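S.K.: The sequence isn't on hand, but the structure is:
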């Protein structure tokens, strides 16, 4: 199998480690961060693609923005790290930004759609 064949079948968004005991606390911390232009938290907006928590409680977050030209693109990863780092048990936080796949309104939770009047 070539490297291209391996990549072609790979999911665009890696799965989160939802079974980890810290997962729900990390999600709640992400829910305290808001996109300044939209009155909904980044988790319910669907901007957090992946939360992976390692065996040493190192947290890796892959996220996106509603648009690549978002004025807070440089600041948002720091806001997320600042929200997650104080969670009891978290050793370290690494937040990375991606635009692949691009964010779409279908990624929002039902709560976010309701809040924004899309339901």
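M.R.: Nice, I can see it. Keep in mind it's a predicted model, so treat the numbers as computed, not measured.

S.K.: Look at the nearest residue to residue 113 once chain neighbours are set aside and say how many residues are nearby.
M.R.: Distances taken as C-beta to C-beta, 6 or more residues apart in numbering put residue 119 closest to residue 113, at 4.5 Å, once the chain neighbours are dropped. Using the backbone N, CA and C atoms, a C-beta is placed for each residue, glycine as well. Per other C-beta atoms under 10 Å, the neighbour tally for residue 119 reads 10.

S.K.: Confirm for me that residue 119 is in contact with residue 111.
M.R.: No: Residue 119 is beyond contact range of residue 111, at 9.4 Å (criterion: C-beta atoms under 8 Å).

S.K.: how near is the residue nearest to residue 113 to residue 100?
M.R.: Noted for residue 119: a distance of 28 Å to residue 100, by C-beta to C-beta, to the nearest Å.

S.K.: just residue 85 next, same as before
M.R.: In terms of C-beta to C-beta, residue 85 sits 26 Å off from residue 100.

S.K.: who's more crowded, these two?
M.R.: Legend: neighbour count by other C-beta under 10 Å for residue 85 and residue 100, higher for residue 85 (13 against 8).

S.K.: ok now do the more buried one, which residues does it touch?
M.R.: By C-beta atoms under 8 Å, 6 or more residues apart in numbering, the contact set of residue 85 is 92, 93.

S.K.: quick one: pLDDT of it?
M.R.: We note a pLDDT of 98 for residue 85 in this prediction.

S.K.: now do residue 15
M.R.: At residue 15, pLDDT is 89.

S.K.: my guess is it meets residue 50, correct?
M.R.: Yes: counting by C-beta under 8 Å, residue 15 sits close enough to residue 50 to count as a contact (7.1 Å).

S.K.: More neighbours: these two, which one.
M.R.: residue 50 (16 against 9).
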